[in-house]
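Asker: sequence and predicted structure, then a few things I'm wondering about:
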Amino acid sequence: MKKAFFVFGPEGSGTYMLAEAFVSAGCFYDDKLREYVPNNFRKKVVARLSLPCAGEFINPKALYLPYMHAGYDCKFFVILRDANASRQSILGREPERGFKRVWDEYGQALLHIANILPISALVSYEAFVSNAGYRKWLFDSFCGLDEPKGQWFNGNKKYYE
């Protein structure tokens, strides 16, 4: 069976980290935003989208419908991270965006995701980076994949020290 895993979340929430974990568990990373074309020879695929993406709230259906139509079993993951840490992560890269704008976009992203996606699982950034049992459950029991390999760094600590 062909499987496609889609990772969504507000910007700064860990979508890239979670997508890389899927890659380490044996998935092909389809990272061509807005150009998702399923290859029938790829048995396990992961794709991700942080919202907003390049300042836009893209409709994620354009990303996953081609996979559904190609017969993939699709699962949708929304990763959530401590809201303050997410905002600080963004402001560290783009301080010109300002706290209010980043705060508003975080809330808009959550509403956008909740209203559009058929969510399979909510993933806690904090549980993922700190708990091997959580990672094992998510990948092995829930997704039918090998446990991801690698070291997982809690990026939140620096915002609270």
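Answerer: Yep, it's here. Numbers count the residues shown, from 1 in each chain.
Asker: stretch 56-66: how far from the chain's middle?
Answerer: The chain centre lies 14 Å from the centre of stretch 56-66; the measure is C-alpha atoms, centre = their mean, to the nearest Å.
Asker: check stretch 17-30 too.
Answerer: Here the centre of stretch 17-30 is set off from its chain's centre by 10 Å, with C-alpha atoms, centre = their mean.
Asker: pLDDT below threshold where in the chain?
Answerer: 32-40 (pLDDT under 70).
Asker: how about the strands of it, start to end?
Answerer: With DSSP state E, the ranges of strands along the chain come out as 3-10, 28-29, 44-51, 73-80, 121-124.
Asker: tabulate these in CSV, adding columns for distance to residue 157.
Answerer: All C-beta spots, glycine's among them, are computed from the backbone N, C-alpha and C. Converted to CSV, those look like this (distance: least, C-beta to C-beta, whole Å):
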stretch, distance to residue 157
strand 3-10, 20
strand 28-29, 27
strand 44-51, 21
strand 73-80, 18
strand 121-124, 16
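Asker: winner for burial among these?
Answerer: strand 3-10 (a mean of 25; mean count of other C-beta atoms under 10 Å).
Asker: contacts for that one?
Answerer: Outside strand 3-10, the residues that touch it by C-beta atoms under 8 Å, 6 or more residues apart in numbering are 15, 18-19, 22, 27, 38, 43-51, 60, 63-64, 67, 72-81, 86, 105-106, 109-110, 113, 117, 143-144.
Asker: and the longest helix for the chain?
Answerer: Longest helix in the chain by number of residues (criterion: DSSP state H): helix 99-116.
Asker: tell me the angle of it relative to strand 73-80?
Answerer: Counting by axes from the mean of the first three to the mean of the last three C-alpha atoms, to 10 degrees, helix 99-116 lies at 150 degrees to strand 73-80.
Asker: helices and strands around helix 99-116, which ones?
Answerer: If contacts are counted by 3 or more C-beta pairs under 8 Å, 6 or more residues apart in numbering; DSSP states H and E, helix 99-116 sits against strand 3-10, strand 44-51, helix 83-93.
Asker: counting contacts, what elements does the longest one pack onto?
Answerer: Yep, that's helix 83-93 we're talking about. Judged by 3+ C-beta pairs under 8 Å, 6+ apart, helix 83-93 is in contact with helix 99-116.
Asker: show me what counts as buried in the helix it packs on.
Answerer: The neighbour-count check on helix 99-116 (16 or more other C-beta atoms under 10 Å) flags 102, 105-106, 109-110, 112-113, 116 as buried.
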